[in-house]
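Colleague: Okay, structure incoming, though there's no sequence with it:
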């Protein structure tokens, strides 16, 4: 299958079940919202080392937030409910509570997990509860006034690990094409691309020659290992980048993958990208298989 | 919807106990069974149809309508859970006592203890209420524990006495001891409050749209503050379909008083700055 001169491999991306939540962070203005959002989503690229994968889903206008201030919607994904709850609480406690003027709210209906339930104890007994409708909020006194946080947020089952690989004749062209894909994918809701700038260059395979490592470099797609390992790269390919996408549903991931691949293919083969492929583990790792050619038809 | 219409034939000479008229139970009763419900009036009892003209129509969840209502009708909407009660005229004491859901609308005034010890649902009173709205009855430790009361007129003394949770909105004035012994929750008053507001207050919020004539000496000024929770609370009050207007809807800068310090309390009285 070729789209605008770019080969679409007959393969699939393999994704797995995760737990996810959405939180809404607000602050006095856009600057401080983004400070909080970048902090809470920092060091959250992969559950392998970070425990949680997180990203900014979208920015919110004041009319879209519970307190009428500028905000962002943030999605966080983890491998289990307990891991998600633990990391949400840690990150909100260390990154949002500490940001001047910020507040945090649940952005998703689902099984309740703690958001501010334990963070409230930072108030040392001076915290105040407000039950508005069915939602409980905590007012925690801090040095710039009060930190408002909702008691719980909703957890849902989600899907993580959707991906596709961009095989290009140069790193510059691979990056340029990947950026176009991220721009297109970022316009969609319910998904995040958790790696820096949404793009990862260190795609991994399961396992390693070192028994203690659960993942190691994806040697089949490393240009420098062509001729050394069972490479899947032709001679003209000099750089491969990967876009990993997590979504609230498999349909959200498929939609985002399609938008990203379409954006790359719209550039044409002359822009440097020659092939689109995907990472999978033979279908043994995750139950969700995103076949590239099915997605693009 | 099953609509049960009761039209009071003449004002009762004694107080009429309407608390036995379980609105949720009416859904399963035939018109004959409804007619036979015995109400206590003073020391005597009388069947419902000897006091009211009764009409029943429809099926399903119950809407109870009381016409020509009178201030002698006590206990209307007692322990209401799901239905709707509409009172055309005045209601007596204990309106919506221990109510756990549903809606009550009184197109008139009502007596003392409106919404006392209610846990959920909404009561809207178009005119005035007596004392102890949203409070605890004598001997009870906790008053209103959820839901909302909207009072479009004035309220008597002790609004929200021992209130534990929920919202009370008073569009007019209140009597003395508003929010006395309050444990938590929110009371918003658009008019003036009487003396001794917040006496014995432990926690909770008394939101005043106007500067009060006086506050107890056991409240300390917290000075001017930014209260961002008002960005959540004021829209919640607006959503109750009251005409309460917080004078700084877009602004959160307020004057805050904290007390009752004589009770080691951490309640707050908030005024627009």
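Modeller: That came through fine. Remember, predicted model here, so these are calculated numbers, not experimental data. Numbering: from 1, shown residues only, chains lettered A, B, ... in the order given.
Colleague: Now do the same for the nearest residue to residue B:220 once chain neighbours are set aside: its pLDDT.
Modeller: In space, and not counting its chain neighbours, residue B:220 is closest to residue B:258: 5.4 Å by CB to CB, 6 or more residues apart in numbering or on different chains. Every residue, glycine included, has its C-beta placed from N, CA and C. If you check residue B:258, the pLDDT there is 96.
Colleague: does residue B:258 really touch residue B:270, like I thought?
Modeller: No - counting by CB atoms under 8 Å, residue B:258 sits too far from residue B:270 to count as a contact (10.0 Å).
Colleague: Of these two, which one has the most company?
Modeller: Per other CB atoms under 10 Å in any protein chain shown, whichever of residue B:258 and residue B:270 has more neighbours is residue B:270, with 23 against 16.
Colleague: what helix or strand is that one on?
Modeller: Taking DSSP states H and E as the definition, residue B:270 sits inside strand B:267-272.
Colleague: Run me through the strand neighbours of that strand, direction for each.
Modeller: If you go by DSSP bridges, strand B:267-272 pairs up with strand B:205-208 (parallel), strand B:253-259 (antiparallel).
Colleague: can you list contacts of the longest helix along chain B?
Modeller: The longest helix of chain B (DSSP state H) is helix B:230-238. The contact list for helix B:230-238, computed with CB atoms under 8 Å, 6 or more residues apart in numbering or on different chains, reads A:66-69, A:130, A:132-133, A:137, A:148, B:167, B:169, B:186, B:188, B:205, B:207, B:244, B:246, B:249, B:252, B:254, B:270.
Colleague: Setting the sequence-adjacent residues aside, check what's closest to the residue of the stretch 51-200 of chain A found nearest chain B.
Modeller: Nearest to chain B in the stretch 51-200 of chain A, going by CB to the nearest CB, is residue A:67, at a distance of 3.9 Å. Residue nearest to residue A:67 in three dimensions, not counting chain neighbours: residue B:231, with 3.9 Å by CB to CB, 6+ apart.
Colleague: domains in the chain, as residue ranges please.
Modeller: No chain was given, so I picked chain A. Chain A resolves into domains spanning A:2-15+A:159-296, A:19-156 when parsed by automatic domain parsing.
Colleague: oops, I was thinking of chain B
Modeller: B:1-103, B:112-273.
Colleague: Compute the distance from the centre of the shortest one to the centre of its chain.
Modeller: What that stands for is domain B:1-103. The chain centroid and the centroid of domain B:1-103 are separated by 18 Å under CA atoms, centre = their mean, to the nearest Å.
Colleague: near chain A at all, it?
Modeller: No - judged by CB under 8 Å from any CB of the partner chain, domain B:1-103 makes no contact with chain A; its nearest approach is 12.6 Å.
Colleague: average pLDDT across that domain?
Modeller: Average pLDDT, domain B:1-103: 92.
Colleague: mean confidence score for the longest helix of chain B?
Modeller: Mean per-residue pLDDT for helix B:230-238: 91.
Colleague: and the angle for that helix with strand B:253-259?
Modeller: Relative orientation of helix B:230-238 versus strand B:253-259 (axes from the mean of the first three to the mean of the last three CA atoms, to 10 degrees): 90 degrees.
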